[in-house]
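[1] Provided below are the primary sequence and the corresponding predicted coordinates.
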Amino acid sequence: MERESILMYRSTREMLLDMKRENHEQYLYALEMYMDYAFDGTEPDLSRQPLVIKLFWKAAKPLIDANNKNYVNGCKGGAPKGNKNNVTGKNQYSNKRTTQGQPKDNRTSTQGQGNVNDNVNENDNEHDNAHVNVNENVNVNDNKEFCPYVDKDGIITDWEKFQEWKRRHPDWKGADD
C-alpha cells in the first residue's frame, strides 16, 4: 500500500536518535527501513542485521501496522452505519460532526428525588397457613419531575444548564419557584 504521509511516535524517534548517537550507519538503515515499510509496505531483510536493528523493527512494525489499518479504515469511510462510532450529527460548538448517541448533558452524581416509602406488612399466621399481607406503599415526591441541576436541598448546581433545562420543562416547580 502506497501512502503520501506517515505517523511516527515520539518513542520511535527517540529509539532512532539513540541509534544515531551510537552508530550513524545503523541509524540511517533503521530510518530507511521504517519509511520504506510505512510508505510502501516493503518488508526489510533482517537476516544480516545486528540485534539493535532487529529489536527496533520488533518495536516499530506493530505501530506502523496499526496506523496503516486505521488509514485503510478511514479511506473506506470510517465506522459502518449503525455503529456507535458512526458520524451522524453536528457538534453544537463547531461545524465538526459528532458520534451517534452521545449524551448532551451528563450528570456527575446521582441525586435523591425526595421519595418516601412507608411499607406496612402484617402477617397473621395461626399455624393453619392463613396469611394476611397488607402493603401500603406511599411515594411522596414534591417535584413533579426530577431536575438534574438541583441538588436534594433545592440548590441549583449549574445555573446555565438549569435555565436551559427549565425552558424545556416549563411545568416544573422547584428551586427557583
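    Structure received.
[2] for this structure, what's the longest helix?
    Secondary structure of the chain read by DSSP state H shows that its longest helix is helix 51-75.
[3] list the buried residues for it?
    Buried residues in helix 51-75, defined by neighbour count with 16 or more other Cβ atoms under 10 Å: Val52, Ile53, Phe56, Trp57, Ala60, Lys61, Leu63, Ile64, Asn67, Asn68. All C-beta atoms are positioned from the backbone trio N, CA, C, and that covers glycine.
[4] from Ile6, how far out is the nearest residue to Glu2 once chain neighbours are set aside?
    What sits nearest to Glu2 in space, not counting adjacent residues and going by Cβ to Cβ, 6 or more residues apart in numbering, is Asp40, at 5.7 Å. Counting by Cβ to Cβ, to the nearest Å, the gap from Asp40 to Ile6 is 10 Å.
[5] equivalent analysis for Pro44, please.
    Noted for Pro44: a distance of 15 Å to Ile6, by Cβ to Cβ.
[6] okay, those two: which has more neighbours?
    The residue with more neighbours, out of Pro44 and Ile6, is Pro44; 17 against 14, by other Cβ atoms under 10 Å.
[7] mind telling me what element the more buried one is part of?
    Per DSSP states H and E: Pro44 is located in neither a helix nor a strand.
[8] need the contact list for it.
    By Cβ atoms under 8 Å, 6 or more residues apart in numbering, Pro44 lies in contact with Met33, Asp36, Tyr37, Trp57.
[9] can you name the two of the residues you listed that sit furthest apart?
    Maximum pairwise distance in the contacts of Pro44, criterion Cβ to Cβ, is 11.5 Å, between Asp36 and Trp57.
[10] which residue ranges of this protein form helices?
    Secondary structure of the chain by DSSP H: the helices cover 10-22, 24-40, 51-75, 159-168.
[11] okay, these in TSV with mean pLDDT and distance to Asp151 next?
    As requested, these are exported to TSV (pLDDT from 0 to 100; distance: least, Cβ to Cβ, whole Å):
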stretch	mean pLDDT	distance to Asp151
helix 10-22	89	44
helix 24-40	91	53
helix 51-75	89	43
helix 159-168	80	11
